[in-house]
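Participant: With the input below, show me the fold.
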Amino acid sequence: MQIAILIFDGLTALDAIGPYEVLSRLPGAELRFVAKQAGPKRTDSGALAVQADVPIADLPNPEVVLVPGGAGNRPLMRDPEVLEWLRGVHDGSTWTTSVCTGALVLGAARILDGKRATTHWAFLDRLPEFGAEPVTERVVEDGKLITAAGVSAGIDMALHLVARLTDEATARQIQLELEYDPQPPLGRIDWAHMSTLPRVFRGGISLTAPFLARRPRRLTALGR
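Facilitator: Alright, predicted model coming up:
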């Protein structure tokens, strides 16, 4: 089973690497990092590079495609070659997935039309631009489309995907191998009091009331 993870300069590392760590343990999976052109792609911090070994033109029919987020994916939303590739892959895929603002790229490819979808909470208001219904959940499945909320939600999405591709027992085994048992040292996110936090947020996003009104209402994880 071929799984293509689309990468680009300016991606958020965990968006791609979190799902990779889960899916790389999937029996029979062949994971490939792909990009418009092969070569190293710098993450949004600039301190890490991920190697794309295959250009998208050489991998037209993966069974699973995953689009991560990061500010660097905005140019992809206007790139005809990438959008055409995504549409072609989606036509034949078993599953089409995204993490964080990767959903915006799927939207630009017109893959979200009429679909329920999620993304990072600060960008939920953009989903209707692409004909999608925004959902404040950590992982949203609609047909063969699976979208994940922000960054760390990609791990949840990948475990959900493994359960769909195989069975829940396999997904639970991978969850155990990764010791994925979130216990945030500062506790769960207190959405009700986020407006009291500093208004500086990565990417220049302010923690404003309109975003908080669309905050995720619950976090889901396999077996919880």
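Participant: Grab the nearest non-local neighbour of the residue sitting nearest the centre point of the chain.
Facilitator: Centroid check for the chain by C-alpha atoms, centre = their mean gives Val99 as the closest residue, at 0.9 Å. Nearest residue to Val99, sequence neighbours excluded (C-beta to C-beta, 6 or more residues apart in numbering): Gly154, at 3.6 Å. Backbone N, C-alpha and C define where each C-beta goes, glycine included.
Participant: quick one, what contacts that neighbour?
Facilitator: Leu14, Asp15, Ala16, Gly18, Pro19, Pro68, Val99, Cys100, Ala148 (C-beta atoms under 8 Å, 6 or more residues apart in numbering).
Participant: Just the ones of those in strands?
Facilitator: Counted as lying in strands by DSSP state E, out of the contacts of Gly154, are Val99, Ala148.
Participant: Just send the contacts of Gly154 back as JSON lines, with pLDDT too.
Facilitator: Below are the contacts of Gly154 laid out as JSON lines (pLDDT from 0 to 100):
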{"residue": "Leu14", "pLDDT": "98"}
{"residue": "Asp15", "pLDDT": "98"}
{"residue": "Ala16", "pLDDT": "98"}
{"residue": "Gly18", "pLDDT": "98"}
{"residue": "Pro19", "pLDDT": "98"}
{"residue": "Pro68", "pLDDT": "98"}
{"residue": "Val99", "pLDDT": "98"}
{"residue": "Cys100", "pLDDT": "97"}
{"residue": "Ala148", "pLDDT": "98"}
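Participant: So, low pLDDT: which residues of this structure?
Facilitator: The model of the chain has pLDDT under 70 over residues 191-224.
Participant: can you give me the strands in it?
Facilitator: Going by DSSP E, the chain shows strands at 2-6, 30-35, 39-42, 49-52, 54-55, 64-67, 95-99, 116-117, 133-134, 139-142, 145-148.
Participant: Pipe these into a markdown table and attach distance to Glu179 per row.
Facilitator: Shown next, in a markdown table, are the strands of the chain (distance: least, C-beta to C-beta, whole Å):
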| stretch | distance to Glu179 |
| --- | --- |
| strand 2-6 | 22 |
| strand 30-35 | 21 |
| strand 39-42 | 28 |
| strand 49-52 | 23 |
| strand 54-55 | 31 |
| strand 64-67 | 22 |
| strand 95-99 | 20 |
| strand 116-117 | 30 |
| strand 133-134 | 32 |
| strand 139-142 | 20 |
| strand 145-148 | 20 |
